[in-house]
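J.: sequence and predicted model, in that order:
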Amino acid sequence: MQRVIRQIERVILLFMAVLFSFFSHPVLALPIATITPDSLSIEKTKLLNGEVIVVLSNLEDGVTGVEGQIFIAAPPKKVWEVITDYNNHKNFVPNVIDSGIISDNGTEKVMFEKGKSRMFLFQKEVYIKMKVWGENLTRLCFQQITGDFKVYQGEWILVDYPQGAGTFLTYKAEVKPDFYAPQFAVRNVQHRDCPIMLSAMKKQAEASNGTALPSSNE
């Protein structure tokens, strides 16, 4: 009987020693597999869901700031080709009557566009001659040389999104007509026309990339 009691005591002592060792030494934490939340902003999630986002602002001296964003299911190369296809803007961008390249020195182009703009019940044709330059496939800047605006300048920004096999396209501009137009009216025109222009770029780029969805009448 005493032998059995001693064996039980040894087992208890061994168990207590193990417990003491466990609690007296730091425990190494095992790596935990976590699901990383999507790093995309709410804004970009909306773009991926097909929304066109336009933000307008009143800048100094009556200048209207415009920022429009859209997601295009085509790589930056295709989107860049469409944006810089100045000779054909008139063929796929609504409200553009005529367009084309005037000169090209390799780093900077001079192009023109003639368009129609509707303001309330009135429609006006506007002409602009501008220089364009930038960084291939990522950023394209533009600025008026002559035309119907006191201020017309801005940039296109292309951000590759490989996970979605596409491009986030941003259009930024500062606009002030050289004819009388209340700023609220200019804002209304930009709020209406910017999404139309961005959607036209999207449609053309996706068509050339073979990713455009068929229209309902096909």
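T.: Alright, I've got the coordinates.
J.: rest of the way, CA atoms for contacts and neighbours
T.: Noted.
J.: this protein: strands as residue ranges?
T.: 53-58, 64-72, 96-104, 109-119, 122-135, 139-147, 149-161, 166-177 (DSSP state E).
J.: kindly export the last one (C-alpha atoms) in CSV.
T.: Extracted as CSV, the C-alpha positions of strand 166-177 are listed here (Å, rounded to 0.1, in the frame of the first residue of the first chain):
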residue,chain,number,x,y,z
GLY,A,166,-8.6,46.8,-65.2
THR,A,167,-7.8,50.5,-64.6
PHE,A,168,-9.0,53.1,-62.3
LEU,A,169,-9.3,56.3,-64.4
THR,A,170,-9.4,59.8,-62.8
TYR,A,171,-10.1,63.0,-64.7
LYS,A,172,-9.2,66.3,-63.0
ALA,A,173,-9.8,69.7,-64.4
GLU,A,174,-10.0,73.4,-63.6
VAL,A,175,-12.5,75.2,-65.8
LYS,A,176,-13.6,78.8,-66.4
PRO,A,177,-15.4,79.8,-69.6
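J.: from residue 132, how far out is residue 172?
T.: Shown here: residue 172 relative to residue 132, a distance of 14 Å by C-alpha to C-alpha, to the nearest Å.
J.: about what we covered before: and the strands of the chain, which is most packed in?
T.: strand 64-72 (a mean of 23; mean count of other C-alpha atoms under 10 Å).
J.: nearest to residue 206, out of the strands of the chain?
T.: Comparison of these against residue 206 by C-alpha to C-alpha identifies strand 64-72 as nearest, at 6.9 Å.
J.: relative to strand 166-177, how tilted is the closest one?
T.: Strand 64-72 runs at 160 degrees relative to strand 166-177, counting by axes from the mean of the first three to the mean of the last three C-alpha atoms, to 10 degrees.
J.: give me the contact list for stretch 143-162.
T.: Contact with stretch 143-162 is made by 63, 75-76, 80, 126-132, 137-142, 166-179, as judged by C-alpha atoms under 8 Å, 6 or more residues apart in numbering.
J.: repeat that for stretch 60-71.
T.: With contact meaning C-alpha under 8 Å, 6+ apart, stretch 60-71 is reached by 47-48, 50-59, 151, 166-176, 183, 186-187, 190, 194-195, 198-199, 202.
J.: what do you get for stretch 127-142?
T.: Here stretch 127-142 has contacts from 76-77, 80, 107-115, 143-149, 153-159, using C-alpha under 8 Å, 6+ apart.
J.: then stretch 100-109?
T.: Outside stretch 100-109, the residues within contact range by C-alpha under 8 Å, 6+ apart are 86, 87, 88, 89, 110, 111, 112, 113, 131, 132, 133, 134.
J.: CSV for these, including pLDDT?
T.: Listed next are the contacts of stretch 100-109 as CSV, based on pLDDT from 0 to 100:
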residue, pLDDT
86, 97
87, 97
88, 97
89, 97
110, 98
111, 98
112, 98
113, 97
131, 98
132, 98
133, 98
134, 97
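J.: which one among those gets closest to residue 43?
T.: Distance to residue 43, by C-alpha to C-alpha, is smallest for residue 134 among the contacts of stretch 100-109, at 25.5 Å.
J.: please consider this matter closed, and thank you.
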